Each structure stands twice: as C-alpha cells, then as structure tokens.
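Engineer: Pasting a predicted model and its sequence here:
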Amino acid sequence: MGLETSRHIITKRLILVPHGLDDVDDCARMWADPAVVRMIRDTPFSYQETWSRILRYAGHWSLLGYGYWVIRNRENGRFHGELGFARTYRTLPGEAAGLPEVGCTLERTSWGRSIGQEATLAVLRWMDDVACIRDTAAITDERNHAALAVLTTNGYRHCDQMDFEGKPFSVLVRRADALGVDVAPA
C-alpha cells in the first residue's frame, strides 16, 4: 500500500507525518468548522483546544510510540485532516475497554474522495507491522455513515453502543485474530 519510514507513511496520494508546529493553523481551521465537528460535539473547538489536542498527540508519540498523523496531499502538501490512535482512558464498554482508539477527522473539502479510506488502511498497517498493536477500538456517532463504512471496510465490527456527549455512539473493535493476522510477537 505505501512506503513506511519510521513515523512517516506515504501512500499513492498521501503523506502522513506526526504533527508539527506548522500544522497548528490548518488543524485549528478544521476543528473550528461547525460542519466538521457536528457529529462530535455541538460547538467548534477553539484555537486553544486544538493546541492542547496537538500537545496530547505529541505526548502519545513521546510516551507510547504511536499517535496521530497529519494527512497531506503527497504532491502539493495540501492539508486534508488528521488520523491516528490514542489511549484515551475513557470508559469503553465490553471488549473495547483498554484498547487504543482510532480517530479520523477530515476537513470538509476532503470529504467524499476516499482519503479517509486510504489513510486508515495505511495507519492500520503501520500499527500492525511497526507498532505491533493489532487490536484497536473506535467510537463514532451512529449517524456518521461515512466513518462507519471506512471502519467496517478495514475490519472493525460493531460490538456495543455508548452515550458520548449526549449522543448514541457505536463502539467498534478490530481484532487481529478475526482478520487472519499473525498475532505472534514480531
């Protein structure tokens, strides 16, 4: 699918790299868009909240060896969004409890172009092959059909439901043994 070099992932159309200072403004614009956050919460994120989010991402890379990537166009560097994994320590139900959570947010102009699908497949392969973390979870608003399609296409299956910020969210898991992935230590 793509060339992986340490923390950088390159696919046919995309380059994914951990966040840097130059990414803050692009991320802040995306998170301030009411259409982007409508299925996450009722109000857009402030610049300060986005900055705190990026610091959490950096902390994940520093402490856990994985985190979130900025998604950019491989040819022109155009910002598409962000995607990655986090240890949220939120209370997830059942078999999702304690698993790293995948999350993907795309800016509005990147919707409907299979960017989320391409980037998700690439980071899942990175998690499987580089981080050797093969069991992961996801939560998403039950109305977010695009996110649910990307997740199920990439091996996630619905396992439960939970309330998140007053909305019903689907809880999904991706288990390596269910995918036929070799789960022996690398």
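Structural biologist: Yep, it's here.
Engineer: Now tell me what touches the longest helix belonging to the chain from outside.
Structural biologist: When the chain is parsed with DSSP state H, its longest helix is helix 47-64. Helix 47-64 is contacted by residues 7, 18-19, 23-24, 27-28, 31-32, 45, 66-68, 82, 84-87 when judged by C-beta atoms under 8 Å, 6 or more residues apart in numbering. (C-beta placed from N, C-alpha, C; glycine too.)
Engineer: repeat for stretch 19-31
Structural biologist: For stretch 19-31, contacts defined as C-beta under 8 Å, 6+ apart pick out 36-37, 44-45, 47, 49-51, 53-54, 57-58, 68-70, 79, 81-82, 105-107.
Engineer: Taking those residues, please make a PyMOL selection of just the buried ones.
Structural biologist: Of the contacts of stretch 19-31, the buried ones go into a single PyMOL selection, burial set by 16 or more other C-beta atoms under 10 Å:
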select buried, resi 36+37+44+45+50+53+54+57+68+69+70+79+81+82+105+106+107
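Engineer: The residue most central in space within the chain and R56, how far apart?
Structural biologist: In the chain, the centroid-proximal residue (C-alpha atoms, centre = their mean) is G103; its distance is 2.7 Å. Counting by C-beta to C-beta, to the nearest Å, the gap from G103 to R56 is 11 Å.
Engineer: Check whether M127 really touches I133, as I assumed.
Structural biologist: Yes - using C-beta atoms under 8 Å, M127 makes contact with I133 at a distance of 5.0 Å.
Engineer: joint contacts of the two?
Structural biologist: Common neighbours of M127 and I133 are listed as Y66, F85, P100 (criterion: C-beta under 8 Å, 6+ apart).
Engineer: Which SSE is immediately downstream of the helix or strand hosting D26?
Structural biologist: Following DSSP states H and E, one finds D26 within helix 24-31. The helix or strand immediately downstream of helix 24-31 is helix 34-37, counting by DSSP H and E.
Engineer: Please compute how far that following helix lies from its chain's middle.
Structural biologist: Here helix 34-37 is found 16 Å from its chain centre; the criterion is C-alpha atoms, centre = their mean, to the nearest Å.
Engineer: Please apply the same query to stretch 100-117.
Structural biologist: For stretch 100-117, the separation from the chain centroid amounts to 8 Å (computed by C-alpha atoms, centre = their mean).
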